[in-house]
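Q: Give me a model of this one.
(chains A and B)
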Amino acid sequence: MEWEPVIGLEVHASLSTKSKLFSGTTSEFGADPNTQANIFDLALPGTLPVFNAEALKMAVRFGLAIGAEIGKRSVFDRKNYFYPDLPKGYQVTQLDFPVVGKGSLKIFLQDGSERVIGVTRAHIEENAGKSLHEEFHGMSGIDLNRAGEPLLEIVSEPEIKNAEEAVAYLKKLHSIVRYLDISDAIMAQGSMRCDVNVSIRARGETELGTRTEIKNINSFRFVEKAINSEIQRQQELIEDGGRVVQETRRYDADKDITTSMRSKEVANDYRYFPEPDLLPVVIDDAYIESVRAELPELPDARKARFVQEYGLSEFDAAVLTSTREMAEYFETVADQSGAVQLAANWVSGDLQALLNKNNLEISESPIAADRLATLIARIEDNTISGKIAKTVFETMIEDLASVDDIIEKKGLKQVTDSGAIEKLVDEVIANNPDQVQQFREGKQQVLGFLVGQAMKLSQGKANPGQVNQLLQEKLK
Amino acid sequence: MIEKTVAELSTSLAAGDISSVELTHAYLARIAAHNDVLNAFITVCEDSALEQAQAADEKRAAGDNSPLLGIPLAHKDIFCTNGVTTTCGSHMLSNFVAPYNATVVEKFNTAGAVMLGKTNMDEFAMGSSNETSYFGPVKNPWDTKRVPGGSSGGSAAAVAADLCAMATGTDTGGSIRQPAAFCGITGFKPSYGRVSRWGMIAFASSLDQAGTLCKSAEDAALMTNTMAGLDSRDSTSIDKPVEDYTATLNDPLEGLRIGIPKQHFAEGLSAEVEQAIRAALKEYEQLGATLKEVDLPNNHLSVSAYYVVAPAEASANLSRYDGVRYGYRCENPVDLEDMYKRTRSEGFGDEVKRRIMVGTYALSAGYYDAYYKKAQKIRRLIKNDFDEAFQEVDVIVGPTSPHTAFELGAKTDPVAMYLEDIYTIAVNLAGLPGISIPAGLAQGLPVGMHLVGSDFAEARVLNVAHQFQQATDWHRKKPASFSQEG
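A: Take a look at the predicted model:
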């Protein structure tokens, strides 16, 4: 039997508003517990919510970026349940009238193909606080710093086919919210979280199978692994004659399995009803257009522009626009160096390798874009060779001196003086009579060896083009 | 002096006939003498009241003649008061001290009024007799075997017995107007959104409205002038300019069209109450008004719709009382579920628990459409009825309650208690302004007359009430056993 997985993602992105969704409290990651919660966040009696218009604008920005219908009248609802980190005993969210309706986004896959994935809706809701079960000896601690932070919950259509697509979708969302500057979307800090719904069905079947939901996965890699592990679990279960139970599961990264969290939860009745403390949010076309007018260039548009304007390949353009920071870094290097392809190769090659090795984001790069641009400009104007440039690049990581100073200090400037090069060439010819003989007898490939000898003699500083040319002339 | 209206006291204070400190002492003495019997106050703030009075007198000396400056008032214990316990009539909040003032409290402070204390009320404002209070029932000053009405029963009894010059209240289904009727005072509920709900403990958010319990419509106008207005902290408060509600009090009623809802003079209304109201209507005719019967065809659905919407909202509003952060927590919980269950079982009284259960049921999956959604539809129909009626009339007048104050413990059936508010509840569902004013006595007990205006017609309602009080003196009648001293 061939199985076909059906996957849907619910992604929560923390909106980077200055204050919380319904209170004036600011909140930053990592503050001492309960130092960023005011009387409303603590749900003291008589306090009331006031909707943060900045969150609305951010949600509309997102909606427009994925070509979605914008809800001109969105309504907040109360979702009722008891938990100590939910101070009001209900979460304010949007059920029937979300601010963002149907939209879609494009994902690019390893094999070079692309797919459009539907977004069902995105709505604004408030975050809960945090329960801390360790270090309290049989009791639980509650931290309400996070309580009431604005979240955008983005729900995909159940049309993702495998783990690779799921990760590509998630990365695309990550990229879009960061391009839009509406969320830090740092999965490790929880400012982007993902719940994955997985079901499988026999290929060709139209009915959906019973799904499970894997909650709160906090890295791209774990999303991939959790999906694969859950698909395999469901397959084995069904093939052994069992049935998938609708439930919430958790991914255990150490064992690479999903485990059941709380099947009781399925029966939870949240008793949604419209939040009477808030009026419906009504927006008009003029508002929507004003938000649209402020939209930045988005990943797909930027990719197309990189292909058209810079003549990059689709592949290079996709890599270089995958994050807003990378795209901006590349553009600075390309524009300042005037060497587009070299810039593309260096940014996606050496620089990316350096960042990966040190586990850094491009925004934390030890080599700033303008310095890399200068380095490439020095290759372009023959001050140094590409090979020497790698040495300079290594030095630049630690040495904050200017590129030119480093080249100067280390004596790495390329030798282009024809007299000096002639001396090198003459020495190589004199020292390698056998190879010279072979070349003259027609063995062209020996030339490479001779050029190499000359470069070695110059400690890499001779202009290889000039060496090549002069050798050929002398050996005629 | 203590029996005077706010308007009269204001004149006396301005004339220097009496100081706020003297007045405050007089009311504090009244409270000391009678609160044991009436149980109208949960908390009395003697020291801070005298400090506020002192400050008011100093302001007065410096030339401030604000109308409420130095006037002693009481706040229903549903309004949060910075540093003073706010119980909401519940065991759950019997130890709760807010670190903030409700907007209403803040506004009276700014106006220079003197807070004597916090008044008793039905627990979380759920009740029509003040018998659900954790702090025991309030007694009606007209007959201490009888209830004062509810839920603002403490405020109503305090004003009626001259334990304060004026008091705040809240009205979700009649909780200002019904106790005002039972205690023979003036109780005014402005339109929904006219007064900020910030800092006022929520019962049913879409119905709760702060208002006034006082001795005349003129006093209600003075208090509303202070209380009303947009509050950026309450998203449901209305961005509409606040009128000077005293400015039109003396407009003549010549040509006024009064609507008489036939549904409010039907079966269930006591003959004596009807008689008093019919007599009052004659008085209005004398003042130049014309009477016209109006139809509110969906009025009979209002109590049912209300007892779905209000408990539904309450079931969520009261979820925050979970023993985690403040308020009552049960002793030695064994785990989280035990803490929730026992905290809420022990912290809430029966009526509150009954409404939480009703509301939870009405919102449950599979029942939401049949109850909550349907009730909201009925709410719109009721509003439409009023809108149509106000095409033809300026105010709607009828009895506030089907009868006068009943005896303590007389109503044990919850549904019978709910029907107490049969004439007032529709006004909350429609969000309209309504006032109850004394309109006669039946076997020595006050009868309340209910006047309802269209959206934000506060000024008109107060004008019509004031003109009645200019022509009659029912609002001057005092309960015999509390009118000797002073």
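Q: Tell me if I'm right that residue B:405 and residue B:144 touch.
A: No - assessed by CB atoms under 8 Å, residue B:405 is found out of contact with residue B:144, at 10.6 Å. Placement of C-beta: from N, CA and C, glycine included.
Q: ok, the two, which is more surrounded?
A: Neighbour totals were compared for residue B:405 and residue B:144, and residue B:405 leads with 25 against 17 (other CB atoms under 10 Å in any protein chain shown).
Q: where's the residue lying closest to residue A:21 once chain neighbours are set aside relative to chain B, distance?
A: Nearest non-adjacent residue to residue A:21, counting by CB to CB, 6 or more residues apart in numbering or on different chains: residue A:150, 3.9 Å away. Separation of residue A:150 from chain B (CB to the nearest CB, to the nearest Å) stands at 16 Å.
Q: ok, residue A:150 - how many residues close by?
A: 27.
Q: quick one: contacts for the one residue in the stretch 251-400 of chain B that gets nearest to chain A?
A: Of the residues in the stretch 251-400 of chain B, the one nearest chain A is residue B:319, at a distance of 2.3 Å by CB to the nearest CB. Counting by CB atoms under 8 Å, 6 or more residues apart in numbering or on different chains, residue B:319 makes contact with A:80, A:82, A:88, A:89, A:90.
Q: nearest to chain B, of those residues?
A: Closest to chain B, out of all of the contacts of residue B:319 and judged by CB to the nearest CB, is residue A:89, at 2.3 Å.
Q: nearest spatial neighbour of that closest one, skipping sequence neighbours?
A: residue B:319 (2.3 Å).
Q: one step back: tabulate the contacts of residue B:319 in TSV, adding columns for neighbour count and pLDDT.
A: Shown next, in TSV, are those (neighbours: other CB atoms under 10 Å in any protein chain shown; pLDDT from 0 to 100):
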residue	neighbour count	pLDDT
A:80	21	97
A:82	14	94
A:88	24	98
A:89	21	97
A:90	25	98
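Q: May I see the residues you listed organised as a markdown table, with distance to residue B:307 and secondary structure added?
A: A markdown table is the format used below for the contacts of residue B:319 (distance: CB to CB, whole Å; DSSP: H, G, I helix; E, B strand; the rest coil):
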| residue | distance to residue B:307 | secondary structure |
| --- | --- | --- |
| A:80 | 19 | strand |
| A:82 | 24 | coil |
| A:88 | 23 | coil |
| A:89 | 21 | coil |
| A:90 | 21 | strand |
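Q: of all these, which comes closest to residue B:304?
A: Minimum distance to residue B:304 across the contacts of residue B:319 is 22.8 Å, recorded for residue A:80 (CB to CB).
Q: Tell me how many other residues crowd residue A:190.
A: The local packing of residue A:190 (other CB under 10 Å) involves 16 other residues.
Q: Show me how far stretch B:171-179 is from its chain's centre.
A: Stretch B:171-179 sits 5 Å away from the centroid of its parent chain (CA atoms, centre = their mean, to the nearest Å).
Q: okay, how far is it across it, tip to tip?
A: 10 Å (CA to CA, to the nearest Å).
Q: Same question for stretch A:71-91.
A: 20 Å.
Q: re the thing from before, out of the contacts of residue B:319, give me the two with the largest separation.
A: Going by CB to CB, the pair spanning these furthest: A:82 and A:88, at 10.4 Å.
Q: near chain A, which residues of the stretch 151-300 of chain B?
A: B:197-202, B:204-206, B:232-236 (CB under 8 Å from any CB of the partner chain).
Q: Just the buried ones from those residues?
A: The neighbour-count test (16 or more other CB atoms under 10 Å in any protein chain shown) marks B:197-202, B:204-206, B:233-236 as buried among those.
Q: which residues touch residue A:346?
A: Counted by CB under 8 Å, 6+ apart, residue A:346 has contacts A:333, A:372, A:375, A:376.
Q: and the strand or helix carrying it, which residues are buried?
A: According to DSSP states H and E, residue A:346 maps onto helix A:340-346. Buried residues in helix A:340-346, counted by 16+ other CB under 10 Å: A:340, A:342, A:343, A:344, A:346.
Q: Take those residues and lay them out in a markdown table including pLDDT.
A: Formatted as a markdown table, these follow (pLDDT from 0 to 100):
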| residue | pLDDT |
| --- | --- |
| A:340 | 94 |
| A:342 | 93 |
| A:343 | 95 |
| A:344 | 95 |
| A:346 | 94 |
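Q: Could you give the number of residues near residue 240?
A: No chain specified, so I'll use chain A. Other residues near residue A:240 come to 7 when the count uses other CB under 10 Å.
Q: Please refer instead to chain B.
A: Residue B:240 has 14 nearby residues by other CB under 10 Å.
Q: what separates the closest residue to residue B:153 other than its chain neighbours from chain A, distance-wise?
A: Leaving aside its chain neighbours, residue B:153 sits nearest to residue B:130 (3.0 Å; criterion: CB to CB, 6+ apart). For residue B:130, the distance to chain A (CB to the nearest CB) stands at 20 Å.
Q: Quick check: phi and psi on residue A:302?
A: Here is the backbone geometry of residue A:302 (degrees, to the nearest 10): phi -70, psi -40.
Q: which residues touch it?
A: Going by CB under 8 Å, 6+ apart, residue A:302 touches A:321, A:327.
Q: Quickly note the distance from it to residue B:457.
A: Going from residue A:302 to residue B:457 by CB to CB, to the nearest Å gives 58 Å.
Q: Please apply the same query to residue A:162.
A: The gap separating residue A:162 from residue B:457 is 64 Å, by CB to CB.
Q: of all the residues in chain A, which ones are close to chain B?
A: Residues of chain A lying near chain B (CB under 8 Å from any CB): A:39, A:42-51, A:78, A:80, A:82, A:84, A:87-90, A:140, A:142, A:269, A:271-273, A:276-279.
Q: Which residue, other than its chain neighbours, is closest to the residue in the stretch 51-200 of chain B positioned nearest to chain A?
A: Per CB to the nearest CB, residue B:199 is where the stretch 51-200 of chain B lies closest to chain A, at 4.2 Å. Counting by CB to CB, 6+ apart, residue B:199 lies nearest to residue B:102, which is 2.7 Å off, once chain neighbours are set aside.
Q: pretty sure that neighbour is touching residue B:81, no?
A: Yes - counting by CB under 8 Å, residue B:102 does reach residue B:81; the two are 7.3 Å apart.
Q: re earlier: of the residues of chain A next to chain B, buried ones?
A: A:39, A:42-51, A:78, A:80, A:84, A:87-90, A:142, A:271-273, A:276-278.
Q: Show me those that map onto strands.
A: A:78, A:80, A:90, A:142, A:273 (DSSP state E).
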